[in-house]
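Colleague: Turn this into a structure:
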Amino acid sequence: MTEPARILITFALEPELVDTIRAVAPGRIEIEVLGSDQRKMLRGFKYPSEREREAVAEGLHGAFDRAEVVFGFWGADLHTALTDARAKDAVAAPKTLREAAPRLRWIQLTSAGADRLLNSGFVEQGITVTTVSGLHATPIGEHVLCTMLMWAKGMPRAMRAQAAHEWVRFAPTELYGKTVGIVGIGHIGAEVGRLAKAFGCRVIATKRSVRSSGIASYADEILPAAELGRVLAESDYVVLCVPLTSETRGMIGERELRSMKPTALLVNIARGPVTVEADLVRALGEGWIAGAALDVFDREPLAPEHPFWSMENVILTPHISGGTERYNERAVEIFARNLRRYLAGEPLENVVDPARGY
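Modeller: Numbering: from 1, shown residues only. Reported below is the predicted structural model:
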C-alpha cells in the first residue's frame, strides 16, 4: 500500500478548512498543523527563555522532517528556524534547508509572490513551488481604487480637518477621463484596469511578455516593458503591480519619478524594493510627483521615525491591500485544486519559474 502523502500546514487554518483539504483524498493524505507556539515563533513573537525557543525549533524541525508537502507562508523566521541548531547540539543542525526537509517535494505558498523563497536552496534543488496567484485580484483591485478615490476626493485632507475640528472646504477632482498606468498587468493589474475603466478612465499598461502594442478588455493599450517611460509620463495614476525580481528591484528611481506628471499619484501594492525608497522620499518632499499611496515598504514594519508617517501627501497602509475575510478559504480552494493534480501526477497551477522569479 502506498504511504499517505504527509502535508504540513504552517499557519493557523480553521479546522473546517483543514477538513476541506482532508476530503480531497481520504486515506491518501495525512495532515499536520503546526502548534500555536511554533506559529508564534514563525510570526516573530519573542519567548521568555532560550530553552523554550529551542524546544519550539526542535518541534519545527521534526515537522519538516516528516513533510512531503508544505502549505503556508515563507519568511525569514522560518528560514532561520529550519537552519538553526537542534537544541544545543550544533553538530546535529541541518547544514542546508534540503537537509532540514529531506522528504519535501512541493511547497504551496499562501502568497502570490515567491521572492522570500527564491535562493533558499529549495527551488534550486528541484522542489516544486506554487503560489496563490490570482487570489489577491479582488481585494487589491478594490484597495487600489479606494486609494485613487481617496486622493481624487481629498479624503486625507478631510480626515485631518475632522481630527482638528476644522471646517475646511476644497475642490475635489474626478477619476473620469484620467489615465491610469499599470506597471505589470497580471491578475491584479487586470482587475485594477477593469475597475478603472468602469470609472471612465483610460488604461495603459506594461506587460513583460508583450512584444508589441495591443489592447484588451481591461486596458486601452498594453505595451512592452520597455515602454515604461511612456506609461509614467502619460499617467495621472501609476500603479505598480510587478513581482519583485532582479529585473524589477529598484525599477522606479529618480529618473522614473522625475518623468511622471507633477500632479500624478504613485500607488505601490507590489513590493517596497520595486522603488528606490530614498528617491521616493525626495520626490514626495520636493514635489516631483503629487503623492503616493503605499502599502509596501523596504523594511516592514515601517520604522516609527520614517518620514512617510508624517507626509501629508502619502496614504499609508501596513501591507494589508491583499487582505480579505475570505483569504484562507480562497487559498484552500487553490491548494485543494493543486493537491488533486499532485496526487494524480498532473502538472500543478501557478508553478514558480526560478528563471523569471515568479
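Colleague: quick one, domains of this structure?
Modeller: Domain segmentation of the chain under automatic domain parsing yields 5-135+324-344, 137-316.
Colleague: Compute the first-to-last residue distance for the first one.
Modeller: Across its full length, domain 5-135+324-344 reaches 12 Å end to end, with CA to CA, to the nearest Å as the criterion.
Colleague: can you map out the helices along this protein?
Modeller: 15-22, 36-42, 50-66, 76-83, 97-100, 137-152, 155-163, 187-198, 228-234, 254-259, 277-286, 327-344 (DSSP state H).
Colleague: Out of those helices, which gets nearest to residue 247?
Modeller: Residue 247 lies closest to helix 228-234 among these, at 11.3 Å (CB to CB). In short, each C-beta sits where N, CA and C put it, glycine included.
Colleague: What residues sit buried inside that closest one?
Modeller: Within helix 228-234, the residues that count as buried by 16 or more other CB atoms under 10 Å are 228, 231, 232, 234.
Colleague: what is the rounded mean pLDDT of it?
Modeller: Here helix 228-234 scores 98 as its mean pLDDT.
Colleague: Distance from the chain centre to it, please.
Modeller: 24 Å (CA atoms, centre = their mean, to the nearest Å).
Colleague: Could you do stretch 12-25 as well?
Modeller: Mean C-alpha position of stretch 12-25 versus that of the full chain (CA atoms, centre = their mean) differs by 24 Å.
Colleague: low-scoring pLDDT stretches of the stretch 51-200 of the chain, where are they?
Modeller: Along the stretch 51-200 of the chain, the parts satisfying pLDDT under 70 run over 51-58, 75-97, 119-121.
Colleague: Please name whichever of the domains of the chain is nearest to residue 356.
Modeller: Using CB to CB, the domains of the chain put domain 137-316 closest to residue 356, at 6.9 Å.
Colleague: Could you pull up the residues touching the closest residue to residue 231 other than its chain neighbours?
Modeller: Closest residue to residue 231 apart from its sequence neighbours, by CB to CB, 6 or more residues apart in numbering: residue 181 at 4.0 Å. Contacts of residue 181 were listed using CB atoms under 8 Å, 6 or more residues apart in numbering, and they are 204, 205, 231, 232, 234, 235, 237, 238, 239.
Colleague: Tell me how far residue 238 lies from residue 274.
Modeller: According to CB to CB, to the nearest Å, residue 238 and residue 274 sit 12 Å apart.
Colleague: swap that for residue 26, sorry
Modeller: 44 Å.
Colleague: Neighbour count for these two, which is higher?
Modeller: residue 274 (24 against 7; other CB atoms under 10 Å).
Colleague: need the contact list for the more buried one.
Modeller: Neighbour list for residue 274: 240, 242, 244, 248, 249, 250, 251, 252, 268, 296 [criterion: CB under 8 Å, 6+ apart].
Colleague: Just the pLDDT at it, thanks.
Modeller: Per the predicted model, pLDDT is 98 at residue 274.
Colleague: what does residue 306 give?
Modeller: So, for residue 306, pLDDT stands at 98.
Colleague: Compute the number of surrounding residues for it.
Modeller: Neighbours around residue 306, by other CB under 10 Å: 16.
Colleague: shouldn't residue 357 be in contact with residue 249?
Modeller: No - counting by CB atoms under 8 Å, residue 357 does not reach residue 249; the two are 9.6 Å apart.
Colleague: Going by how many neighbours each has, rank the two and give me the top one.
Modeller: Using other CB under 10 Å, the more surrounded residue of residue 357 and residue 249 is residue 357, with 18 against 15.
Colleague: ok, and what's touching stretch 286-304?
Modeller: 143-144, 147-148, 150-151, 257-258, 260-274, 277, 280, 282-284, 306, 308-309, 313-321.
Colleague: roughly how far is it from the heart of the chain?
Modeller: With CA atoms, centre = their mean, you get 16 Å for stretch 286-304.
Colleague: Buried residues in it, which are they?
Modeller: 288, 289, 290, 291, 292, 293, 294, 295, 296, 297, 298, 302.
Colleague: which one of the residues you listed is nearest residue 352?
Modeller: residue 296 (19.4 Å).
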